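Q: Got a sequence here, can you build the structure:
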Amino acid sequence: MSTQSPITANTRPSPTATADAVVVGAGFGGLYALHCLRQMGFSAVCFEAGDGVGGTWYWNRYPGARCDVESLQYSYSFSEELDQEWNWTEKYAPQPEILAYANHVADRFDLRRDIRFETRVTTATFDEKRALWVVETDRGDRVEARFCLMAVGCLSSANKPPFAGMEDFKGAIYHTGEWPKEGVDFTGLRVGVIGTGSSAIQSIPLIAEQASALTVFQRTPNYSVPAYNAPHDPDHVAKVKADYPALRARARSRPTGFYFPFNAKPALEATPDERQRQYEEFWAKGGLPFLGAYGDLLFNKEANDTIADFARDKIRSIVKDPATAELLCPENVFGCKRLCVDTDYFATYNKPHVKLVDVSKTPIERFTEEGLVVDGKTYPLDAVVCATGFAAMTGSYDRMRIVGRGGLTLAEKWKAGPRTFLGLASAGFPNLFLITGPGSPSVLASMIQAIEQHVDWMVDLMAHMRDVGARTFEPRVADEDDWVDHVNEVSQVSLRSTCSSWYVGANVPGRPRVFMPYIGGFPVYVQKCNEVMDKGYEGFVLEGGDGPVTAGNAAPEVRLTKRWHVPLDMDVISPAMLAARKVPVV
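A: Predicted structure coming up:
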């Protein structure tokens, strides 16, 4: 470790400081990483580009922003006291409440003293001779650390298509992923919204309440299920809090990492009338659990056609204008893209001042001073909202220059698609952890549970290295290659791999088309991580100052302190989970 001055509380590390670890990002991943590092006796400093904590929920302040996982489950599980003292007010918590929760966690566990706000990491370079990461920021900070933990988020880098003439537009241009903290008043304005993904579906009904005219420019329609959001029933909350660990255990055993009613029976074994009744029942419940109506909906195209037809019929029953309704009906696999959850989205198109413009065949040509041009027609606008999503999974890594062994940059290594082992680390970049990185369940699971499992595994490895005298770890290339092949192989079992979505980077021109998250199921993935640990970190190379370190069993009081025990719920096991376990799909 460097002999430069250590980081102390509430001081900027200058000119060069040391720490055991640098954490990049102060969202839910960064906050939990700081807490766990401190618990295990490691010093750490966290750099955060915003002026507050919250990550995704700090930046995404657009109207109607809220989580699509029920709030009683979209929360940390590491502290029973935290579970009991925090009270969620709604079934699906809105952005301000989630941000308040993040701030409460930061204050309750005294995490701010290790965070440097309004500071963006520009470079992270591995010094091979000293086995240290040298991290530099846009404010002149330079920190040397043994470990670097990337808590940059999966949906944190806004995708901003460079439309021609944007600089000429006289009105304001906003991106849902970088919304002004003071909010935006659209009262009386002619507003254009570009995109109909999740952020658009959530914000359009509220923007329409203010705007004098709203024009939505749609390239690809999306399926959406009503949220039926409501204030929490106090009796329900009390019941959950009476045995919160039981709910957490049930959630972890599910492929998604969160619990909801699930019918494992195949859709095609039911009669058409039975399917209709089942879909109506699950539609009435609302939200992502709608996909739990039958067990084969994401694995059998004929079964999926039945739920897709049902959803399209719902859209046609809500939207009064037949032409508009057809434009809003997706033609792809239901659930292939992330299923959206809404409040009165489709009904908004019944309002006389709301117009839908199809830009799938005739894309937006350019901005002008007065508005947007599509197919030679100008649409006059006072403000434009770009609901164009994110450079998902890897976009935040692209913002930094990350240099590993031999001068290899992470951008160069990932040029044809991200390559990791377990989504935790990438060969050639020693002691670099990727929290919910590509190749892990991440966005296909409940994010906070995925974060906790990753961070717990990471700090256990760090403590093990400390015990056995290892200076560095990194994946073996062969094991990383096998994992990348496995991630791709398992993805082919699911219909999610059949369409152009941000799961494969299709929303950003020029990105390689690779299915990035691990679709084998959260419990299967956790078991694989446990197996690697149980076998002395098989698949990783651990080295000390004089060469390889035998990775055997570490001291029990350090290693496995945060191990996750996640049994499979055999009632809901999916074909993807079977493939992930190398069990034949029948």
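Q: Find the residue ranges of this structure scoring beneath the pLDDT cut-off.
A: Filtered on pLDDT under 70, the chain yields the residue ranges 1-15, 154-158, 390-395, 500-515, 545-563, 565, 567-586.
Q: 80 instead, please
A: 1-16, 154-160, 389-396, 496-516, 545-586 (pLDDT under 80).
Q: Would you tell me which helix is longest in it?
A: helix 447-468 (DSSP state H).
Q: For that one, buried residues please.
A: By 16 or more other CB atoms under 10 Å, the buried positions in helix 447-468 come out as 447-466, 468. Any C-beta I mention is one placed from the backbone N, CA and C, and that applies to glycine too.
Q: what's it packed up against?
A: helix 28-39, strand 142-150, helix 244-252, helix 522-534, strand 540-544 (3 or more CB pairs under 8 Å, 6 or more residues apart in numbering; DSSP states H and E).
Q: Nearest approach to residue 67 belongs to which of these?
A: helix 28-39 (11.3 Å; CB to CB).
Q: That closest one: what's the following helix or strand?
A: The helix or strand immediately downstream of helix 28-39 is strand 44-47, counting by DSSP states H and E.
Q: just checking, what packs against that next one?
A: Partner elements for strand 44-47 (3+ CB pairs under 8 Å, 6+ apart): strand 17-24, helix 28-39, strand 115-116, strand 142-150.
Q: Relative to residue 541, which of those is closest?
A: strand 142-150 (15.6 Å).
Q: Counting neighbours, show which residues of the closest one come out buried.
A: Applying 16+ other CB under 10 Å to strand 142-150 flags 143, 144, 145, 146, 147, 148, 149, 150 as buried.
Q: so the last one bridges to which residues?
A: Listed by DSSP bridges, the beta-bridge partners for residue 150 are residue 24, residue 434.
Q: do the same with the first one
A: In this entry, residue 143 is beta-bridged to residue 17, residue 135, by DSSP bridges.
Q: I figured it hits residue 20, correct?
A: No - look at residue 143 against residue 20 with CB atoms under 8 Å: they stay out of range, at 10.7 Å.
Q: if we can go back for a sec, between which two of the buried residues of strand 142-150 is the distance greatest?
A: Going by CB to CB, the pair spanning the buried residues of strand 142-150 furthest: 144 and 150, at 16.9 Å.
Q: Now do the contacts for the nearest residue to residue 166 once chain neighbours are set aside.
A: For residue 166, ignoring the flanking residues on the chain, the nearest one in space by CB to CB, 6 or more residues apart in numbering is residue 367 at 4.8 Å. By CB atoms under 8 Å, 6 or more residues apart in numbering, the residues touching residue 367 are 163, 164, 165, 166, 168, 169, 373, 384.
Q: Any buried residues in the helix or strand hosting residue 239, and which?
A: Using DSSP H and E, residue 239 sits in helix 234-242. Neighbour counts over helix 234-242 (16+ other CB under 10 Å) mark 240, 241 as buried.
Q: between that helix and helix 244-252, how many degrees?
A: 90 degrees (axes from the mean of the first three to the mean of the last three CA atoms, to 10 degrees).
Q: which residues touch helix 234-242?
A: Outside helix 234-242, the residues touching it (CB under 8 Å, 6+ apart) are 72, 83, 84, 87, 88, 247.
Q: switch to 7 Å and redo it
A: 72, 83, 84, 247 (CB atoms under 7 Å, 6 or more residues apart in numbering).
Q: and which of the contacts of residue 367 is nearest residue 184?
A: Nearest to residue 184 among the contacts of residue 367, with distances taken as CB to CB, is residue 384, at 11.4 Å.
Q: Could you look up the SS state of that closest one?
A: Here residue 384 is recorded as strand under DSSP: H, G, I helix; E, B strand; the rest coil.
Q: Same question for residue 428.
A: Going by three-state DSSP: residue 428 is coil.
Q: of the helices and strands packed on helix 447-468, which approaches residue 286 most closely?
A: Of these, nearest to residue 286 by CB to CB is helix 244-252, at 18.4 Å.
Q: any idea of the angle the closest one forms with helix 447-468?
A: Going by the same axes, to 10 degrees, helix 244-252 makes 90 degrees with helix 447-468.
Q: what's across from the residue nearest to residue 166 in the sheet?
A: residue 372.
Q: what do you get for the one 10 residues further on?
A: Taking DSSP bridges, one finds residue 374 as the beta-bridge partners of residue 377.
Q: Residue numbering should commence at 3 henceforth.
A: From this message on, residue numbering opens at 3, which makes the last subject residue 379.
Q: I'd like to know how far it sits from residue 353.
A: 21 Å (CB to CB, to the nearest Å).
Q: just residue 522 next, same as before
A: For residue 522, the distance to residue 353 equals 43 Å [CB to CB].
Q: Give me the more crowded residue out of those two.
A: Per other CB atoms under 10 Å, whichever of residue 522 and residue 353 has more neighbours is residue 522, with 27 against 13.
Q: What values do phi and psi take at that one?
A: Note on residue 522: backbone dihedrals following degrees, to the nearest 10 are phi -70, psi 0.
Q: Give me the number of neighbouring residues for residue 304.
A: Around residue 304 there are 9 residues (other CB under 10 Å).
Q: Just give the closest residue to it, not the sequence neighbours.
A: residue 270 (6.2 Å).
Q: Give me the number of neighbouring residues for the one you found.
A: 14.
Q: what does the one 5 residues further on give?
A: As a burial measure, the neighbour count of residue 275 was computed by other CB under 10 Å and equals 8.
Q: can you pull the buried residues of stretch 306-322?
A: 306, 308, 309, 310, 312, 313, 314, 316, 317, 320, 321.
Q: let me redo that: stretch 278-290
A: So, applying 16+ other CB under 10 Å, buried residues of stretch 278-290: 280, 281, 284, 285, 288, 289, 290.
Q: before we move on, what about stretch 477-490?
A: Across stretch 477-490, burial judged by 16+ other CB under 10 Å covers 477, 481, 482, 485, 486, 488, 489.
Q: Can you pull the phi/psi pair for the first one?
A: The phi and psi torsions at residue 477 (degrees, to the nearest 10) take the values phi -70, psi 150.
Q: Wait, it touches residue 542, no?
A: Yes - using CB atoms under 7 Å as the test, residue 477 is close enough to residue 542 to be in contact (5.7 Å).
Q: ranges for the strands of the stretch 153-302 of the chain?
A: Counting by DSSP state E, counting those that start in this stretch, the stretch 153-302 of the chain has strands at residues 174-177, 192-196, 215-220, 226-228.
Q: Can you tell me which of those is packed in deepest?
A: strand 192-196 (a mean of 25; mean count of other CB atoms under 10 Å).
Q: Starting from it, tell me which strands it pairs with and how they run.
A: In its sheet, and by DSSP bridges, strand 192-196 pairs with strand 215-220 (parallel), strand 385-388 (parallel).
Q: Distance to residue 535 added to those strands, as TSV?
A: Converted to TSV, these look like this (distance: least, CB to CB, whole Å):
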stretch	distance to residue 535
strand 215-220	47
strand 385-388	43
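Q: for the ones you listed, which one sits closest to residue 35?
A: Ranking these by proximity to residue 35 (CB to CB) places strand 385-388 first, at 31.0 Å.
Q: So which residues make contact with that closest one?
A: 162, 171, 173-178, 188, 191, 193-197, 205, 209.
Q: and it, C-alpha only, in CSV?
A: This file holds the C-alpha atoms of strand 385-388, laid out as CSV (Å, rounded to 0.1, in the frame of the first residue of the first chain):
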residue,chain,number,x,y,z
ALA,A,385,-40.4,21.8,-25.4
VAL,A,386,-39.1,18.3,-26.2
VAL,A,387,-38.6,15.4,-23.8
CYS,A,388,-36.2,12.7,-25.0
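Q: next structured bit after it?
A: Per DSSP H and E, the first helix or strand lying C-terminal to strand 385-388 is helix 397-400.
Q: Next, the buried residues of whichever helix or strand comes after that next one.
A: The helix or strand immediately downstream of helix 397-400 is strand 403-405, counting by DSSP H and E. By 16+ other CB under 10 Å, the buried positions in strand 403-405 come out as 404, 405.
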